[in-house]
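Participant: build me a model from this:
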Amino acid sequence: MTKQYNCLRNTFDLSIYFVAGPENTNGRDFRQIIRQSVEGGITFLQVRSKNASSRELMNLGRIAAEEIELAGKQDKIALVIDDRVDIALTLRLEGVKIDGVHLGQSDLPAELARQMLGENAIIGLSARAKDLFEYIENFNPGIADYFGAGPLHATATKPDCGLVDGIVLERTFDEIKRLKSLSPLPVVIGGGVKTEDLTALKATGVDGFFVVSAIAGAQDPLSATKVLANIWQQK
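Facilitator: Residues are numbered from 1 along each chain as shown. Take a look at the predicted model:
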């Protein structure tokens, strides 16, 4: 019998958003990094790998779903696959709890992803870097569920983040505040985010932050996650 899971499309929490792939773990075991991040307090997990084969990416998705379920957090932590709608769909058909996908501007259109994955899937969308504010202000909601935007700082993890005409457009806190005020969707900000950024970032009103190396590259991913979560959750 196929397991029944709660749909998180209307209840997902972007606040502590971890983007994870094996190329970001400094050679350490992917499962252990996921386990520690889940224990440490992440609220949203994206599995992303530009180097993994389709089979490898499917296995990474299974591992992530298993660790979330082992922690009893399958109804609290949303899990999405970056870019690969086909992988997300295949895993969902297998009964693996994949909540949806995160798409870039050059990936499959969100409308097609919605048709493939159905109404209960989460679809995240990287906001356009060029003409960002005009894009956000004129965006037609209904298909996508949240925006990922940035970078706050240039980052070696994703050097093309915010790249426009060969220049990385870092976003100021004032710009992020404006972005949030214009957006019809929840907004998560990333790109080189560090612990010392979190208080000012939260004050902009955005719904959360996303990190890669701050957790995956940390000497102690469990402690690093706890520190990030505790700072963000402070009132």
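Participant: poorly predicted segments of this structure, please.
Facilitator: 1-4, 154-168, 235 (pLDDT under 70).
Participant: show me where it has helices.
Facilitator: 30-40, 54-70, 85-93, 110-117, 132-137, 173-182, 198-203, 213-216, 221-233 (DSSP state H).
Participant: looking at those helices, which is buried most?
Facilitator: Sort the helices of the chain by mean neighbour count, taking mean count of other Cβ atoms under 10 Å, and helix 213-216 sits at the top with a mean of 23. No exception for glycine: its C-beta is placed from N, CA and C like everyone else's.
Participant: mind giving me the packing neighbours of it?
Facilitator: Judged by 3 or more Cβ pairs under 8 Å, 6 or more residues apart in numbering; DSSP states H and E, helix 213-216 is in contact with strand 16-20, helix 30-40, helix 221-233.
Participant: hang on, isn't residue 132 packed against residue 149?
Facilitator: Yes: between residue 132 and residue 149 there is a contact under Cβ atoms under 8 Å: 7.2 Å.
Participant: hey, what's in contact with both of the two?
Facilitator: Overlap of the contact sets of residue 132 and residue 149 (by Cβ atoms under 8 Å, 6 or more residues apart in numbering) consists of residue 179.
Participant: ignoring the adjacent residues along the chain, who's closest to the most centrally placed residue in the chain?
Facilitator: A centroid search over the chain (Cα atoms, centre = their mean) returns residue 46, at 4.6 Å, as the residue closest to the centre. Once flanking residues are discounted, residue 46 sits nearest to residue 19: 4.6 Å by Cβ to Cβ, 6 or more residues apart in numbering.
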